[in-house]
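S.K.: what's the 3D shape of this:
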Amino acid sequence: MCIHSPGGYGFWAALIVELVLTFFFLLVIIGATDRLAPSGFAGLAIGLTLALIHMISIPVTNTSVNPARSTAVAVWAGVEAMGQLWLFWVAPIVGALLAGWVYRNVFSDQAS
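M.R.: You can find the predicted model right below:
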């Protein structure tokens with residue numbers, strides 16, 4: 001399967017980047033909003049993480065980490081983008097599920 005990538009990356013690179021970066025993003029969100037986290041810094045942590053994720057993944061996939069954003073873009077981009085849309089749903093959902101599992105099971109002593 002051919003994926004449109006600004007840097008010429010292939011399908012597996014796109015899948016792995018979207019999955020890993022969504023995992024990392026959700027791990028930061030869960031940790032920053034945990035009741036034990038310092039209050040008032042969640043927005044800063046989440047915003048800086050999202051900026052970093054964009055800097056890393058724009059050359060690979062133009063950055064998604066959000067199925068709703070990907071769907072809106074695909075609707076307007078045409079048939080080729082719609083054919084690739086499933087990747088931008090599957091990778092973030094799997095990444096989010098893994099982040100929730102890791103946070104609950106690895107950080108369970110510190111987690112709420």
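S.K.: Just name the shakiest helix or strand of this protein by mean pLDDT.
M.R.: Every helix and strand in the chain was compared by mean pLDDT, DSSP states H and E; the lowest is helix 79-84, with a mean of 82.
S.K.: can you pull the buried residues of stretch 51-59?
M.R.: If you call a residue buried by 16 or more other CB atoms under 10 Å, then stretch 51-59 has these buried ones: 53, 57. All C-beta atoms are positioned from the backbone trio N, CA, C, and that covers glycine.
S.K.: Got phi/psi on the residue most central in space within the chain?
M.R.: For the chain, Thr22 is the residue whose C-alpha lies nearest the centre (CA atoms, centre = their mean; 2.3 Å). Dihedral pair for Thr22: phi -70, psi -40, per degrees, to the nearest 10.
S.K.: What about the closest residue to it other than its chain neighbours, how many residues nearby?
M.R.: Using CB to CB, 6 or more residues apart in numbering and skipping the chain neighbours, the partner closest in space to Thr22 is Gly95 (3.2 Å). Gly95 has 21 neighbouring residues, counting by other CB atoms under 10 Å.
S.K.: that older thread, which residues touch the residue nearest to the centre of the chain?
M.R.: With contact taken as CB atoms under 8 Å, 6 or more residues apart in numbering, Thr22 is in contact with 65, 91-92, 95-96, 99.
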